[in-house]
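Engineer: coords below, sequence missing:
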């Protein structure tokens, strides 16, 4: 633990953050915080979270996204979520409905995501705010929602089929059926299916190239269809790699983050505004490696790949919290549960951050690293809160990381409370 003098020095590099409840709006008259000012000229802002199930992380990110969209001209919000399923979220925030036969409802759009992490009241509130922001705006001034993660090779078949039906192209129905029917549950199946699905994606992309001039007139829709064909190829390669060994492993995690970084950069290329806000776990947005004590701890993160490509135009923001509870999938149970966080031990960075104050604040890690009194402490490997989608109470709930090397800022919260599922519960949604 830092002594009182060092804690006082640490406090000089903090900025108090107002509670970020879902009803708190951003007004042009609100003076931007140092954190908001430092992010405004970035091209990609990575907003992390210490756990996927901490409500306060989500709500502070919601507030930052409102600022970046309304005051800084950002026009893309990218989620660590299935690229194909997230097209329903994009349709909702831009046109009010994920599909023609669905009501104009954020819950219906979120139901398309097979991810408990995002099917929450906090994300619903963000989507509704984005929908209201987009209402009445020209298409090239609307906020897009993109998913940058992978799932199964078959996932893009549904939005691709919808695109071909809308454009009335004579698409290769066989190619779409090959993609839609793809399953990769065992070695023999993968060996047979993946080459055929990859070839089908190439045929679909060739058909898109040949018919670009007669598309429905939406350049964005054409590019999205092209991108989904690429996502099929990515998912096939990821399926090969991640099934080379049982369970999560370094090569599989590295491939996933490599493809996510590629998809974020695609979203940046297609962004009509000033930049992309990236919503993901701390482990993915941080520079460097995962540092989480698992078998893939030394794998290169998505954030590191973005930092290599963009330099200072990529700004990652991490989170930490002192105490409380959060949601995660229980190790062994496979169910989403609520867990109590342990009190941080004195040798953790989390304990030092908690000792600075009992209200939310933003910590400028670059300024801390430049402070002679604190540099040697903060640039050493330190432990902060870190829980992935699956949590084992008997295991470790911290990452060991060089904080200024990983993040530009850290948002420190006095307490974590569980996210609320969109069905109103706090358990499996």
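Structural biologist: Now that the structure is in, tell me what you want to look at. Note that this is a predicted model, so its numbers are computed, not measured. Numbers count the residues shown, from 1 in each chain.
Engineer: C-alpha only now, for contacts and for neighbours.
Structural biologist: OK.
Engineer: and the closest residue to residue 422 other than its chain neighbours, backbone torsions?
Structural biologist: Counting by Cα to Cα, 6 or more residues apart in numbering, residue 422 lies nearest to residue 120, which is 4.7 Å off, once chain neighbours are set aside. The phi/psi pair for residue 120 (degrees, to the nearest 10) reads phi -130, psi 160.
Engineer: Also residue 63?
Structural biologist: Residue torsions, per degrees, to the nearest 10, at residue 63 are phi -60, psi -40.
Engineer: Now for it, how many residues are close by?
Structural biologist: Applying other Cα atoms under 10 Å, we find 20 residues neighbouring residue 63.
Engineer: Now do the SS call for residue 50.
Structural biologist: When classified by DSSP: H, G, I helix; E, B strand; the rest coil, residue 50 comes out as coil.
Engineer: Quick check on it: phi, psi?
Structural biologist: The phi/psi pair for residue 50 (degrees, to the nearest 10) is phi -70, psi -30.
Engineer: go on, the one 10 residues further on?
Structural biologist: Dihedral pair for residue 60: phi -70, psi -40, per degrees, to the nearest 10.
Engineer: any idea how far the closest residue to residue 157 other than its chain neighbours is from residue 114?
Structural biologist: Nearest residue to residue 157, sequence neighbours excluded (Cα to Cα, 6+ apart): residue 180, at 5.1 Å. Remark: distance between residue 180 and residue 114 (Cα to Cα, to the nearest Å) = 17 Å.
Engineer: Okay, the residue nearest to residue 157 and residue 200: tell me how far apart.
Structural biologist: For residue 180, the distance to residue 200 - Cα to Cα - is 10 Å.
Engineer: quick one: what helix or strand has residue 79 in it?
Structural biologist: strand 76-82 (DSSP states H and E).
Engineer: what ranges do the strands span in the stretch 101-250 of the chain?
Structural biologist: 144-149 (DSSP state E, counting those that start in this stretch).
Engineer: Scan the protein for its longest strand.
Structural biologist: strand 314-330 (DSSP state E).
Engineer: mind checking how far that one is from the chain centre?
Structural biologist: How far strand 314-330 lies from its chain's middle: 13 Å, per Cα atoms, centre = their mean, to the nearest Å.
Engineer: Which strands or helices does that strand pack on?
Structural biologist: strand 44-47, helix 282-285, helix 302-310, strand 336-340, helix 349-356, strand 382-385, strand 390-391, strand 409-416 (3 or more Cα pairs under 8 Å, 6 or more residues apart in numbering; DSSP states H and E).
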